[in-house]
Structures are given as structure tokens and as C-alpha cells.
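coordinates only, no sequence provided:
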């Protein structure tokens, strides 16, 4: 399981609007990498809106914000357009990055057990090291907590 102090696994994934996001190309920047279960569901929408609303503040701290889910690029494009989201969304349909970051987990809902994405956020510093991890994220207040942690990195 990936933890604070570990080197962040590198990856390239297709992004909304076309093209790819390559973690290695973000070196020197702080990356807020958040994993979420599904486009256009209530919690995931609130989380994406929260990060989008604070995007200018993250960018002012030298950070980029990237969301990852198993949904397709087409789904991400619709999701972003429907809610006017500003964050970059990456499609991990094969769940490779989701597994590399240890967020593919057993979940329970209505008494049923299934596998899904554990809502999680990682802050990766400019040298590619994981400096902060949140697992089992509850959406209310999360964006502000992450922004404070990014500001603390800047000292």
C-alpha cells in the first residue's frame, strides 16, 4: 500500500478533451491526485466541483489538480461539460493506476460487498514523492483540507 514518503508510481493516462497526462512531465510541480468512483454521482460531483472552485488557489500555490476514475474519456468530457468543471480528469479504464496507488478496494453498500474505487487523495511533491495521503475521503471540507496541506508544503 502506497504511503507518505514513497515514490509516486509514474503513469500516463488519457485525459478529458484528448491527449495524455504524464505524471513525469509534471516534475517540479505539486500534483494533487484524487481518485473517485464514478462520474456524475452525487459525492463525486461535489468533490469535482469543490476542487474546480478552488483551482485558482491550488494553481497560485504551484499545484495542479488531477482526478482519476475508471470512467472513459467520453464520460469525463460529458461530466465536465454538464457541471462546468475545471479540473483535469483522467480515464483509467483498465484500473492499472488505481491498483498501483492501492485504491481498488472492497466496499460495502446496502449489505452487498463489491470492489470499487476507495475515494482517496495523494499530494505528490515536485520531486515525485508522496507527501500526504487521504483514504476513505469524506467530501465535505476535503478540498479545503487538501489546499491547506499544499500551502503548508510551500512553507
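Right, received. Where do you want to start? Not measured: the values here are computed from a predicted model.

which residue ranges of the protein form helices?
For the chain, the helices defined by DSSP state H occupy 42-53, 55-60, 73-83, 96-100, 142-154.

tell me which residues touch the residue nearest to residue 79 when sequence neighbours are not counted, please.
Take residue 79 and drop its neighbours on the chain: the residue closest to it by C-beta to C-beta, 6 or more residues apart in numbering is residue 39, 3.9 Å away. Placement of C-beta: from N, CA and C, glycine included. Residues near residue 39 by C-beta atoms under 8 Å, 6 or more residues apart in numbering: 69, 71, 75, 76, 78, 79, 89.

can you do 7 Å?
Contacts for residue 39 (C-beta atoms under 7 Å, 6 or more residues apart in numbering) come out as 69, 71, 75, 76, 79.

and for residue 62?
Neighbouring residues of residue 62 by C-beta under 7 Å, 6+ apart: 29, 30.

I'd say residue 64 and residue 26 touch.
Yes. Assessed by C-beta atoms under 7 Å, residue 64 is found in contact with residue 26 at 6.2 Å.

output the contacting helices and strands for the lowest-mean-pLDDT helix or strand in the chain.
Using mean pLDDT, DSSP states H and E, strand 104-109 stands out as the lowest-scoring helix or strand of the chain, at a mean of 88. Judged by 3 or more C-beta pairs under 7 Å, 6 or more residues apart in numbering; DSSP states H and E, strand 104-109 is in contact with strand 112-117.
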